[in-house]
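J.: Output the structure for:
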Amino acid sequence: MKVVVAGGTGFIGRHVVAALVEHGHTPVVLSRSASARSDGVATVALDAVRECPPDVLAGADAVVNLVGIKISRGTNTFAATHVDVPRGLVAAMTAAQVRRLVHVSVVQTGNASGAYHATKRAGEAVVRESGLDWTILRPALVCGPGDDAITRLVQFVRAAPVFPVPSGTTGPLQLVDVRDVALAIVRALERPIAIGRTYDVVGPERIDLRTLAHRVGEALALPVVTPPLPRGLMRAAAAVLERLPGDPLLTTSQLGMLLDGLHGDGTAARDDLGIVPRPVDCASIASWAARAPALLPSLRLVVDAEHGAWLRRCAQVLGGLGWFVPLAIGLLLAGPWIIADVWLRMVVLEAALAVIAVLALPLPWAELWRPRIAALVTGAIVGAATWGLALAVIATLERAAPGAIAALPAMRAWAGAWPLALAVPMLVVVVAAEEVVWRSAIALPLAGRIGPVQGSIVAGLLFALAHVTMGPPILLVAAVLAGTGWAALTIRTRSAFATFIAHLGWDAALIWGP
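T.: Numbers count the residues shown, from 1 in each chain. Below you'll find the predicted structure:
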């Protein structure tokens, strides 16, 4: 069977063309550009929105209409695409004496509204009144490699651990595998029982958007939280995104479908077309996610499953922390009574703890401390940014609460306690030892067991606790914030070297800076 496929270069179209070839048919793709295809399928340059001359259909046995859009822009409106294209195809088929038509629409829920659904229904009416041998297929949310829905979810979940969902109850979604949609189209063409029938092509399960987001997180081994956002705010955001150039992250029509739901009854498709839908499970999502390009730089501390597995391996030494953490905190708290000089105390005690950690705790020390250019650059940028923020905070406190930083001059007096030629290498030893102890030996195992954010915070608190006897309260506040941030940086970069550079720059600026 020679089958002309309008919209054959789109997401569903590519799978339909492949399914037609697999079942022994000869597809001809109508596309706005007739570029050569690697699969040898013929392509005809045609903008079906504007015209469809009958000679394009010469020799065809059937037509499949997959033309559809998710956003109305300029002359490419919902009405032109969803109503005028079917009308033009019907006229061309009638003139070319091609009778068989499979028209792909969308499932219709009782509360569906808006121009998208209205024009989809109007397009179906054109097909039903055509006098042709028609079949209408109504898929739910179609998913697969290179799709829009799952790909966007994967991109968002990879980018951040938070995925807002509309407040309240959203309509159920029946995700359907694109391969099942393609198979339904092929079987509708092959089976006369499908003529004059309308079929819902839906998945085997009804879930809501929140459940789907968590399933994507599970498939990627990335936890995600789904706080509710007011629907009005999300509608406003979608309206703004539609007006931006390029492919919008979310359209008002898509948001409407997520709110209303996309679901139907697949019984007829199963009985007449033999469609037993595949589940859209974690394994499927993980497979499709491998092809999803990055949308935004990831804000996560743990960016993928392999990173998470690496962090969990670090947690295997957590049992050893039962003695190491008390030892580290106790030794530093008792430090002033052991060694009076601050510089010498920190060099001796932190270095001793670092040696114990390296010898006793089986962490990936070589990987953590490998001096890489990327780690060096990252550490330098973070260190500079941290110091810039500190300067802004100090300037603010000087005006608003000068008493809070009254101890700062005394802290900077440490700079003159030892000659610079000795103080600099001593600082390097102290900073390196602290990164071994507090970020590598303590923060990583904690993060691997209780989570990267929680582990970073606890490590920062422990780091501050160990500095209680070191100086004024403002130093403890800085230790909590810096300790938490440095722990997060170590987790994110999997590099203690990067954090060492950031920490060294911070301490040097604090002691010798302006």
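
J.: Check which helix or strand the nearest residue to Gly274 once chain neighbours are set aside maps to.
T.: Counting by Cβ to Cβ, 6 or more residues apart in numbering, Gly274 lies nearest to Arg187, which is 6.4 Å off, once chain neighbours are set aside. No exception for glycine: its C-beta is placed from N, CA and C like everyone else's. Element membership for Arg187 (DSSP states H and E) is helix 178-190.

J.: Can you find the helix or strand of the protein with the lowest average pLDDT?
T.: One helix or strand of the chain scores below all others by mean pLDDT, DSSP states H and E: helix 408-412, with a mean of 58.

J.: what distance separates whichever helix or strand comes after it from the middle of the whole chain?
T.: Scanning forward in sequence from helix 408-412, with DSSP H and E defining helices and strands, the next element found is helix 420-434. On the basis of Cα atoms, centre = their mean, to the nearest Å, the separation between the geometric centre of helix 420-434 and that of its chain is 41 Å.

J.: Can you give me the buried ones in helix 420-434?
T.: When neighbours are counted by 16 or more other Cβ atoms under 10 Å, the buried residues of helix 420-434 are found to be 423, 426-427, 429-434.

J.: okay if I get the residues you listed as TSV plus distance to Pro279?
T.: Rendered in TSV, the data for the buried residues of helix 420-434 read as follows (distance: Cβ to Cβ, whole Å):
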residue	distance to Pro279
Ala423	64
Met426	62
Leu427	58
Val429	57
Val430	56
Val431	52
Ala432	51
Ala433	52
Glu434	50
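
J.: So which residues make contact with the helix holding Arg187?
T.: With Cβ atoms under 8 Å, 6 or more residues apart in numbering as the contact definition, helix 178-190 has outside contacts at 1, 3, 11-12, 15-16, 18-20, 23, 25, 62, 64, 100, 102, 104, 135, 137, 139, 142-144, 147, 194, 199, 201, 203, 269, 273-275, 277-278.

J.: ChimeraX command for the buried members of those?
T.: Applied in ChimeraX, the following selects the buried portion of these according to 16+ other Cβ under 10 Å:
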select :3,11,12,15,16,19,20,25,62,64,100,102,104,135,137,139,142,143,144,147,194,199,201,203,269,273,275,277,278
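
J.: The residue nearest to Gly274: how many residues sit nearby?
T.: 21 (other Cβ atoms under 10 Å).

J.: cool, and Asp304?
T.: The number of residues packed around Asp304, counting by other Cβ under 10 Å, is 15.

J.: ok, which stretches of the stretch 251-400 of the chain are helices?
T.: If you assign secondary structure with DSSP state H, counting those that start in this stretch, the helices in the stretch 251-400 of the chain sit at 252-260, 267-273, 282-289, 305-314, 321-333, 335-338, 342-360, 365-368, 373-400.

J.: which of the ones you listed sits most buried?
T.: When neighbours are counted by mean count of other Cβ atoms under 10 Å, the highest per-stretch mean among those falls to helix 252-260, a mean of 20.

J.: Let's test this: mean pLDDT of that helix, rounded?
T.: Here the mean pLDDT over helix 252-260 is 81, rounded to a whole number.

J.: Please state the offset of that helix from the chain centre?
T.: Relative to its chain's centre, helix 252-260 lies at 20 Å (Cα atoms, centre = their mean).

J.: Now do that helix: everything it contacts.
T.: By Cβ under 8 Å, 6+ apart, the list of residues contacting helix 252-260 from outside reads 70-71, 109, 111-117, 141, 166, 170-171, 173, 209, 231, 234-235, 238-239, 242.

J.: Provide a ChimeraX selection command restricted to the buried entries of the residues you listed.
T.: The buried residues among these can be selected in ChimeraX (16+ other Cβ under 10 Å) with this line:
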select :70,71,109,112,116,117,141,166,170,171,173,209,234,235,238,242
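
J.: And the strands in this structure, which stretches?
T.: Along the chain, the segments classed as strands by DSSP state E run 2-6, 26-31, 42-45, 62-65, 100-104, 133-139, 142-143, 165-166, 176-177, 197-201, 228-229.

J.: then the first one to PDB, C-alphas only?
T.: These are the backbone C-alpha positions of strand 2-6, laid out as PDB (Å, rounded to 0.1, in the frame of the first residue of the first chain):
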ATOM      1  CA  LYS A   2       1.300   3.400  -1.000                       C
ATOM      2  CA  VAL A   3       0.500   5.800   1.900                       C
ATOM      3  CA  VAL A   4       1.000   9.600   1.800                       C
ATOM      4  CA  VAL A   5       1.900  10.800   5.300                       C
ATOM      5  CA  ALA A   6       1.200  14.500   6.000                       C
END
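
J.: Sheet partners, orientation included, of it?
T.: Strand 2-6 has these partner strands in its sheet, going by DSSP bridges: strand 26-31 (parallel), strand 62-65 (parallel).

J.: Lowest average confidence across the ones you listed, which one?
T.: Of all the strands paired with strand 2-6, the segment with the smallest mean pLDDT is strand 26-31, scoring a mean of 89.

J.: ok now that strand, how far from the chain's centre?
T.: 34 Å.

J.: Can you pull the domain assignment for this protein?
T.: Following the assignment in automatic domain parsing, the chain carries domains at 2-289, 305-512.

J.: Columns distance to Pro297 on top of those, output as a markdown table?
T.: Conversion of the domains of the chain to a markdown table gives the following (distance: least, Cβ to Cβ, whole Å):
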| stretch | distance to Pro297 |
| --- | --- |
| domain 2-289 | 7 |
| domain 305-512 | 11 |
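
J.: I'd say Pro277 and Leu175 touch.
T.: No. Using Cβ atoms under 8 Å, Pro277 makes no contact with Leu175, being 9.1 Å away.

J.: who touches both of these two?
T.: Going by Cβ under 8 Å, 6+ apart, residues that sit against Pro277 and also against Leu175 are Gly203.

J.: Go ahead and confirm Asp148 touches Ile12.
T.: No. Asp148 is not in contact with Ile12 according to Cβ under 8 Å; the separation is 10.4 Å.

J.: quick one on the thing from earlier: point out the one among the strands paired with strand 2-6 that comes closest to Trp418.
T.: When the strands paired with strand 2-6 are compared by Cβ to Cβ, strand 26-31 sits nearest Trp418, at 74.3 Å.
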